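Student: Just need the structure, nothing else, for what follows:
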Amino acid sequence: MAMTFSELDFLKPELGAEFTGDGVHFAVFSAHAESIDLCLFSPDGQEETARMALPKREGDIWSGYIAGLKPGTVYGYRAHGPYDPSAGHRFNSNKLLLDPYAKQIKGELVWDDALYGYRIGAEEGDLSFDERDSAPFALKGVVQDPNFDWDGDEAIRRPWTDTIIYEAHVRGMTMLHPDVPGDLRGTFLGMCSDPIVDHLVKLGITAVEVLPIQYFPDDRYLLEKGLKNYWGYQTLGFFAPQPRFMSGDRITEFKTMVKRFHKAGIEVIMDVVYNHTAEGSERGPTLSFRGLDNLSYYRLSPEDKRHSYDTTGTGNTLNVAHPMVLRMVLDSLRYWVGVMHVDGFRFDLASTLGRTRHVEFDRDGGFFDAIRQDPVLAGVKLIAEPWDVGDGGYQVGGFPHPFREWNDKYRDDVRRYWKGNEGLVSGLAQRLTGSAVQFNHSDRGATTSVNLLSAHDGFTLADTVSYDGKHNEANGEDNRDGHSANHSHNMGWEGPTDDPGIAEARARRRRNMMATLLLSQGVPMILGGDEAKNSQGGNNNAYCQDNEIGWTDWSGLDDPFLDFCRRMIALRKEHGCLRPERFADGDSGDGPVEIAWYREDGHPMDEAAWSDAGRRFVMLYLAKTVQVEDGQQIADHLLLVFNAGGDSEIRLPSPNGVTRWRRLLDTGAAAPFEETEAQEQVTAPGASVLVFSPPG
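Tutor: Numbers count the residues shown, from 1 in each chain. Here you go, the predicted structure:
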């Protein structure tokens, strides 16, 4: 049957392909196209069965409605317009284009020179024009039926003060887990299988932050080296889940994962990449945005619109300063919240999203204003990676409420303190109390800093104490890629060792670092697998290692460190003084002292002690107070000891009149959580963290 557009004259506000129950409405944005064709394909995506010009244009929205069309229809677009790179235009109707709003994507991208708008190898380079049809190799969209039985599922909306984040890769988390069924490994269903959910619940995790699951292709240069885009930071489909994480063509498997996590009390946070796309620079392929409207979708060089303006290090920068591109980003976020029920987002290279039309970062820019006024998005968890590679891109502390921020200063200072670097006591104090210097402004709270010891990008916790240098040879870049300043220490031997002394020193340092993380104010984030001693063999940039280097090694599930992590998380949850909403100002007025710092002799830290570069010891007293009828009273308080030096005799102080203490934790003891009554004078073992609480 020949397909034709309905003569019904209506314009739906939604972009993309929407199934109405009686047919499908198609709508796509392009400000500079002269016409746009809708192309329909056979169910396998191999044969183009119809090509029709979208009949209606309202402003810059092109649309059409086909009655009788059903979910499962495979489609794409071709855009007609000028091919004039010097003016920023790269229209080429020979190239099939993926709908930016496609909810499902058919197949894998097959790399071929026909995917490029210009002739590869031509003397004119990207100024040349390629006439080959890219459809046999291109990605296609699939019309979706939005119905799904959520069975009463609702957002958890857990307070930030009670949040403990676990960063994980859907595939990497499940590929080697011994109890995940083989047919579910690497998938959304494997991620939410009983063994994984049970592990996270017992650990005490409240939110899973999954690495990118929006559709991304494998980079051509990686495939040519026998590698893959493992991490997924090359998004092409902002509305579509990655097919390789599904056991079939059912995007409902993602919804099932979210539903099961919610049932277990765990929120789902998506790592999202709205700063660039997989199309790369002007030398990249024409897959979607470039062919639909290069001048609108991307930032181009103000000196020469032929070239991309890159603040992301990937070749292009998405132009979120354009109202329709900003709308696409917001529509995508609302889709994942409203239709897919996710609880929040971590924004990759978020400084790029704050760059205005004038390119500079602006914390009051349009993207942030749009998020804050949006009734759907303002209430979800929003986390910024507060940097990019452009000028002025490092913006730790520069984002507006309600954004939280990854804090690499926390990671670096804690690593350096336990490594034994000089002059770190003051830096450690900042990190323990929420990094107030960076975040205590503009009515931002004490949960603004997302504290981390490790993340997907960099050494795992086990590798931080096992390698002095990176070992990225498997990436095929002669070990030039990845960070060089890891602030790591191998404790006397590079890599695995059978030496019991080195093994114990590494285990103690892991305990000290994990204890520091979970005793710090702010929001803790644990890298998936750190609790099980997962190692990447010293590779600190496993972005292309979809193999045992990048996958989580679960052989450490029987290691005592897993139980240590569980008990540290439980200790954090028990004590509200570790989880304040606001920063303490140190001025008690007439009420109880909420924060105080002490030396080994039990006396307050003074200027000389803070400036002593050789100091390796500090005590921190924290109290949570509550308002009562006649003033304030203490609801919870702890004394924390951090000793990166040798054994030290210490005198316990008496803040708020406390005269007796019991020890809750000693990371240097054989049984770290064995509770004992503490004398006024106690020994703090070298390289240890101690926690004391008033008895009763």
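
Student: Does the residue nearest the centre of the chain fall in a helix, a strand, or a coil region?
Tutor: Most central in the chain under C-alpha atoms, centre = their mean is Asp271, positioned 3.8 Å from the mean C-alpha point. Three-state assignment for Asp271 (DSSP: H, G, I helix; E, B strand; the rest coil): strand.

Student: Residues in a beta bridge with it, which ones?
Tutor: When assigned by DSSP bridges, Asp271 has beta-bridge partners Arg346.

Student: Report the separation between Gln104 and Pro243.
Tutor: Taking C-beta to C-beta, to the nearest Å as the measure, Gln104 and Pro243 are separated by 8 Å. All C-beta spots, glycine's among them, are computed from the backbone N, C-alpha and C.

Student: Now do the SS call for Glu649.
Tutor: Glu649 is classified as strand under three-state DSSP.

Student: how near is it to Asp151?
Tutor: Distance of Glu649 to Asp151, given as C-beta to C-beta: 60 Å.

Student: the more surrounded of those two?
Tutor: Between Glu649 and Asp151, counting by other C-beta atoms under 10 Å, Glu649 is the more crowded of the two (10 against 7).

Student: need the contact list for the more buried one.
Tutor: Going by C-beta atoms under 8 Å, 6 or more residues apart in numbering, Glu649 touches 600, 681-684.

Student: By neighbours, which of those residues wins?
Tutor: The most neighbours of any of the contacts of Glu649, using other C-beta under 10 Å, belong to Ala684, which has 22 neighbours.

Student: List the residues that contact it.
Tutor: Ala684 is in contact with 600, 617, 641, 643, 647-650, 690, counting by C-beta under 8 Å, 6+ apart.

Student: Make a PyMOL selection of the buried ones in the residues you listed.
Tutor: Applying 16 or more other C-beta atoms under 10 Å to the contacts of Ala684, the buried members can be selected in PyMOL as follows:
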select buried, resi 600+617+641+643+648+650+690
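
Student: Format the contacts of Ala684 as CSV; extra columns: distance to Asp546 and pLDDT.
Tutor: Listed next are the contacts of Ala684 as CSV, based on distance: C-beta to C-beta, whole Å; pLDDT from 0 to 100:
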residue, distance to Asp546, pLDDT
Glu600, 50, 97
Phe617, 44, 97
Val641, 43, 98
Asn643, 41, 98
Asp647, 46, 95
Ser648, 47, 94
Glu649, 52, 95
Ile650, 49, 96
Leu690, 42, 98
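
Student: Quick check: of the contacts of Glu649, which lies closest to Glu385?
Tutor: Taking C-beta to C-beta as the measure, Glu385 lies nearest Ala684 of those, at 36.3 Å.

Student: Out of the contacts of Glu649, the closest to Pro496 would be?
Tutor: Ala684 (30.7 Å).

Student: Tell me how far the closest one lies from Arg416.
Tutor: Relative to Arg416, Ala684 is positioned 20 Å away (C-beta to C-beta).

Student: before we move on, what about Arg480?
Tutor: Arg480 sits 24 Å away from Arg416, taking C-beta to C-beta as the criterion.

Student: Between those two, which has more neighbouring residues?
Tutor: Shown here are Arg480 and Arg416; by other C-beta under 10 Å, Arg416 has more neighbours (18 against 10).

Student: Which residue ranges of the stretch 501-650 of the chain form helices?
Tutor: For the stretch 501-650 of the chain, the helices defined by DSSP state H, counting those that start in this stretch cover 560-574, 607-610.

Student: Comparing Gln104 and Pro243, which shows the higher neighbour count?
Tutor: Between Gln104 and Pro243, counting by other C-beta under 10 Å, Gln104 is the more crowded of the two (23 against 17).

Student: mind putting the helices of the stretch 501-650 of the chain in a markdown table, mean pLDDT included?
Tutor: Shown next, in a markdown table, are the helices of the stretch 501-650 of the chain (pLDDT from 0 to 100):
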| stretch | mean pLDDT |
| --- | --- |
| helix 560-574 | 98 |
| helix 607-610 | 97 |
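
Student: Tell me which of those sits most buried.
Tutor: Of all the helices of the stretch 501-650 of the chain, helix 560-574 has the most neighbours on average by mean count of other C-beta atoms under 10 Å, namely a mean of 18.

Student: so how many other residues sit close to Phe673?
Tutor: 17.

Student: So which residues of the stretch 101-250 of the chain form strands?
Tutor: Remark: strands assigned in the stretch 101-250 of the chain by DSSP state E, counting those that start in this stretch are 105-106, 140-142, 165-168, 207-210, 214-215, 237-241.

Student: circling back to that earlier point, now, among the contacts of Glu649, which is nearest to Phe261?
Tutor: Relative to Phe261, the closest of these is Ala684; by C-beta to C-beta it sits at 40.2 Å.

Student: Against Met491, how distant is that closest one?
Tutor: Taking C-beta to C-beta as the measure, Ala684 falls 21 Å from Met491.

Student: now stretch 441-451: how far from the chain's centre is it?
Tutor: Put simply, stretch 441-451 sits 18 Å off its chain's centre (C-alpha atoms, centre = their mean, to the nearest Å).

Student: nope, stretch 559-578 is what I was after
Tutor: Averaged C-alpha coordinates place stretch 559-578 at 23 Å from its chain's average position (C-alpha atoms, centre = their mean).

Student: now swap in stretch 483-499 and tell me
Tutor: Computed by C-alpha atoms, centre = their mean, the chain-centroid distance of stretch 483-499 equals 26 Å.

Student: Kindly report the same for stretch 269-284.
Tutor: Centroid displacement of stretch 269-284 relative to its chain, using C-alpha atoms, centre = their mean, is 14 Å.

Student: List the buried residues for it?
Tutor: Result for stretch 269-284 [16+ other C-beta under 10 Å]: buried residues 269-280, 282, 284.

Student: What's the mean pLDDT across stretch 280-299?
Tutor: Averaged over stretch 280-299, pLDDT sits at 98.

Student: make that stretch 581-592, sorry
Tutor: Regarding stretch 581-592, the rounded mean pLDDT is 80.

Student: End to end on it, go ahead and measure it.
Tutor: Taking C-alpha to C-alpha, to the nearest Å, stretch 581-592 runs 17 Å from one end to the other.

Student: Which of the buried residues of stretch 269-284 sits closest to Pro323?
Tutor: Closest approach to Pro323 among the buried residues of stretch 269-284 (C-beta to C-beta): Tyr274, at 14.8 Å.

Student: Determine the three-state secondary structure at the closest one.
Tutor: coil.

Student: how close does Asp151 get to Ser654?
Tutor: Going from Asp151 to Ser654 by C-beta to C-beta gives 55 Å.

Student: Gly76 too?
Tutor: Separation of Gly76 from Ser654 (C-beta to C-beta) stands at 73 Å.

Student: neighbour-wise, which of these two wins?
Tutor: Legend: neighbour count by other C-beta under 10 Å for Gly76 and Ser654, higher for Gly76 (26 against 13).

Student: Help me confirm that the more buried one comes into contact with Gly141.
Tutor: Yes: with contact defined as C-beta atoms under 8 Å, Gly76 reaches Gly141; the gap is 6.4 Å.

Student: Common neighbours of those two, please.
Tutor: Residues touching both Gly76 and Gly141 by C-beta under 8 Å, 6+ apart: 98-99.

Student: surely Ala50 meets Met3?
Tutor: Yes: here Ala50 reaches Met3: they are 4.4 Å apart, a contact under C-beta under 8 Å.
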